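**Student:** please find the sequence and the predicted model below.
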Amino acid sequence: MNIYLYKGLKLMNSKFLFLLITLFLSIISRGQTKFTEGYFIDNNNNIIQCFIRNIGNEESTMNYQYRLKNDKEIKKIELSRVKEFGIDDEMKCIRALISVDVSPSRIPNLKDTVIDWEEGHAFLKILVEGELATLYSYYDHGKPLFFFRIGNSSVEPLFYKKYYLEVTTNIIDRTLVNKAYIDQLKEYLACGDTDEIKKVSYTKKALVKYFIDYHKCKGSDYLVYKSAQINRGSFRFKLGINVNSLRMDVEEYSDALPNILFSRENSLGFGLEAEYVLPFNRYKWSIFAESNFYSYYSDKIENEPNPALFNDQVVDYKTIEVPIGITHYMNIDENNRLFIRCAFVPHFIFDDSYIAFSDVYHSDFSPSSRLLFGSGYNYKRLGLEFRYYSNQNITMNIYKRNSDLSQISLRVYYTLFNSSAQKRY
């Protein structure tokens, strides 16, 4: 087969596999978020029991869907039709008329710090609900905003804004911060030492704690929803065993020398993985780094009518790879997950690795990085993963000889340590 046609077919196969993985992710991700038993209240104050799921960002309240019991049809929770929805003590959202500041953050003059309010309805997530006061959150274009209500009064914003004073376009002279929420807390929610209020930061963790302390100070009842909890990431350490299938093709740029296709061989590898599961979006994303050892040895030539002519040609390759990448989990339930991952993979080649073209012509290999694409299934601490690697040229140091080292792997791993057992759905 013509070497360029052969390489073209391999490139097409690589792209086809990548498209399959992408398609797999897009199909599976549609059904990965679990429906949870909950309710919603319509405009006629009817309470409808249903199943609810969030298909958007975990902090956002605008991308929830529901499904009625004994009904497969899935509908969006629409702002114009729903007054309230929730999931037991997990989460509660209400529709409210709120004011949001829409003035720019980057300003050319100090006088431009005038607040420009815009009114509209939105779903607010209740964090702390009490007889005296209630704390709400709203996720606005990637930025968390907080609101409060005293008793049965209207919902008011807790105002905080950072301004960037520009001396010229994109050149920032200084930063100004409007912490009006501190004065609001002092005026409406003071109890005990008011000097402590100055230490309250404009974060969910700090404000939730302050509202809890306020109700305790007043001796008043309150309820904290689980959605008010601060998500924390988790560290995992895994031990893995890989069954690798490798084959190497060496391309000769001389008509006098034939191309060499070393046989496909299987080998065992092993390694360790460190993973950090990110604390947002229901623990669906993680970053990881590994260290894996594997080897490839072949003295057999494929697709040659007279293999005996190549008895002196050998590849003996030993390496430690260090994949660094990201993983996306598709949570079926608390114990079962599908996942897909990709990584950049540098290699460290052992000194005794070599390729022999004859009994007197041996050469070392050159380092070469590549990409890894994987997909698999995880049950509790056990996992199974199929991996595809992009081809690797490890003979760039040899004059007029390029190579393609291809590899697929089946990896089995066990999680030795997990720093957190958070719900992931």
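**Tutor:** Great, that's in hand.

**Student:** strands of the stretch 1-150 of the chain, start to end?
**Tutor:** Here the stretch 1-150 of the chain has its strands, by DSSP state E, counting those that start in this stretch, at 36-42, 47-54, 64-68, 75-76, 82-87, 91-101, 106-107, 117-130, 133-140, 143-150.

**Student:** ok, of the ones you listed, where does mean pLDDT dip lowest?
**Tutor:** For these, mean pLDDT drops lowest on strand 106-107, to a mean of 88.

**Student:** strand partners (parallel or antiparallel) of that one?
**Tutor:** Its sheet considered, strand 106-107 pairs with strand 161-168 (parallel) by DSSP bridges.

**Student:** before we move on, back to that, dump the strands of the stretch 1-150 of the chain to TSV, plus distance to residue 165.
**Tutor:** (Glycine included, C-beta is placed from N, CA and C.) Converted to TSV, the strands of the stretch 1-150 of the chain look like this (distance: least, C-beta to C-beta, whole Å):
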stretch	distance to residue 165
strand 36-42	45
strand 47-54	38
strand 64-68	39
strand 75-76	41
strand 82-87	42
strand 91-101	17
strand 106-107	6
strand 117-130	22
strand 133-140	23
strand 143-150	20
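
**Student:** dump the ones you listed into TSV; add distance to residue 418 and mean neighbour count as well.
**Tutor:** Shown next, in TSV, are the strands of the stretch 1-150 of the chain (distance: least, C-beta to C-beta, whole Å; neighbours: other C-beta atoms under 10 Å):
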stretch	distance to residue 418	mean neighbour count
strand 36-42	23	16
strand 47-54	24	16
strand 64-68	29	18
strand 75-76	35	12
strand 82-87	25	19
strand 91-101	25	19
strand 106-107	43	14
strand 117-130	28	18
strand 133-140	28	22
strand 143-150	28	18
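
**Student:** shaky segments in the stretch 251-400 of the chain?
**Tutor:** Residue ranges of the stretch 251-400 of the chain with pLDDT under 70: 253-258, 303-310.

**Student:** try it again with 90
**Tutor:** Within the stretch 251-400 of the chain, the segments meeting pLDDT under 90 span 251-261, 278-284, 299-313, 330-336, 357-362, 366-368, 396-400.

**Student:** circling back to that earlier point, wait, which of the strands of the stretch 1-150 of the chain is closest to residue 220?
**Tutor:** Of all the strands of the stretch 1-150 of the chain, strand 117-130 sits nearest to residue 220, with 5.9 Å by C-beta to C-beta.

**Student:** now the closest one and strand 82-87, what's the angle there?
**Tutor:** Interaxial angle of strand 117-130 relative to strand 82-87 (axes from the mean of the first three to the mean of the last three C-alpha atoms, to 10 degrees): 40 degrees.

**Student:** just checking, what packs against strand 117-130?
**Tutor:** Other elements packing on strand 117-130 under the criterion 3 or more C-beta pairs under 8 Å, 6 or more residues apart in numbering; DSSP states H and E are strand 91-101, strand 133-140, helix 204-218, strand 222-224.

**Student:** for the shortest one, enumerate the helices and strands it packs against.
**Tutor:** Identification of packing neighbours for strand 222-224 by 3+ C-beta pairs under 8 Å, 6+ apart yields strand 117-130, helix 204-218.

**Student:** nearest to residue 143, out of those?
**Tutor:** In terms of C-beta to C-beta, the element of these nearest to residue 143 is helix 204-218, at 12.3 Å.

**Student:** no further questions, thank you.
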